[in-house]
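>>> Predicted structure and sequence below. I'll ask about it afterward.
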Amino acid sequence: MPDLTTLVEAVGYIGVAAIIFAETGLFIGFFLPGDSLLFTAGILASQGMFDIGLLVVFTTIAAILGDSVGYWTGTKAGPLIFTRPDSFWFSKERIKDAERFFKRYGSLSIILARFVPFARTFVPIVAGIAHMPYRTFFIFNVIGAFLWATCIPILGYLAGNAIPDIDRYIIPIVALLILISLAPIAFEMVKRYMHR
């Protein structure tokens, strides 16, 4: 796996924003490292690589636009998505998981999904399929984007300023973030296994 720090340094503001957009708005984005990318970019901002203000503007706008594209995909493609054959990039099971998540949490799922890998890609699509009113979707989309794409880089920035020689600890911190973000999925899989 390429070093996330090197990746963030190489792609800059536009690249980080593009990855955030792809993860939240495109089918192929479900595997991208959203949480860890945002946190790492925040740490690098604390080291002078980015301006934290510009960074959060780029990432928040990208997150809002990404979810909006996902919603639009759901409204336009609708039930056809469920008839699409499975592939490496697409699985009906992921859409069904997102549908269960959406039904369980309602409008709040638009915010909560930001913090759950896979869900943040597919829940906006399900919201579009379910014809959630766009005004309602947009409000929750903006709140979720702020909490995720603004707050996580700022947490990385604060950690970078508070911890001496933070670059030594980036890999363990990112690994911990990945584990935390995957915990809800692991919990759900264990729950399903126990239910069977």
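Received the coordinates, thanks.

>>> what sits against residue 13?
Counting by Cβ atoms under 8 Å, 6 or more residues apart in numbering, residue 13 touches 50, 54-55, 58. Placement of C-beta: from N, CA and C, glycine included.

>>> ok, so what distance separates residue 15 from residue 152?
17 Å (Cβ to Cβ, to the nearest Å).

>>> the more surrounded of the two?
residue 152 (24 against 16; other Cβ atoms under 10 Å).

>>> Give me the pLDDT value at the more buried one.
Model confidence at residue 152, given as pLDDT, is 92.

>>> now the strands for this protein?
With DSSP state E, there are no strands along the chain.

>>> if we can go back for a sec, out of the contacts of residue 13, what pair is the most spread apart?
Using Cβ to Cβ, those span at most 9.1 Å, a distance reached by 50 and 58.

>>> if I pick residue 147, what's in contact with it?
Taking Cβ under 8 Å, 6+ apart, one finds 111, 114 in contact with residue 147.

>>> actually residue 34, sorry about that
Residue 34 neighbours (Cβ under 8 Å, 6+ apart): 19-20, 23-24, 117, 120, 148.

>>> Tell me the buried residues within these.
19-20, 23-24, 117, 120, 148 (16 or more other Cβ atoms under 10 Å).

>>> Which of these scores worst on pLDDT?
residue 117 (76).

>>> can you tell me how far that residue sits from residue 24?
11 Å.

>>> shaky segments in this protein?
1-4, 27-32, 79, 81-91, 166-196 (pLDDT under 70).

>>> hmm, try it at 80
Low-confidence segments of the chain, defined by pLDDT under 80, are located at 1-10, 27-34, 77-99, 101, 117-118, 163-196.

>>> what about the helices in the protein?
For the chain, applying DSSP state H gives helices covering 4-25, 34-46, 52-77, 80-83, 92-105, 109-112, 119-129, 134-145, 151-162, 170-195.

>>> Tell me who's in contact with the residue lying closest to residue 74 once chain neighbours are set aside.
Spatial nearest neighbour of residue 74, excluding adjacent residues (Cβ to Cβ, 6 or more residues apart in numbering): residue 128 at 2.2 Å. By Cβ under 8 Å, 6+ apart, residue 128 lies in contact with 70-76, 78, 137.

>>> Alpha carbons only: can I get stretch 154-161 in CSV?
Provided in CSV are the C-alpha atoms of stretch 154-161 (Å, rounded to 0.1, in the frame of the first residue of the first chain):
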residue,chain,number,x,y,z
ILE,A,154,-9.0,20.0,11.8
LEU,A,155,-8.5,17.2,14.3
GLY,A,156,-5.5,16.1,12.3
TYR,A,157,-4.2,19.7,12.3
LEU,A,158,-4.7,20.0,16.1
ALA,A,159,-3.0,16.6,16.7
GLY,A,160,-0.1,17.7,14.4
ASN,A,161,0.4,20.9,16.5
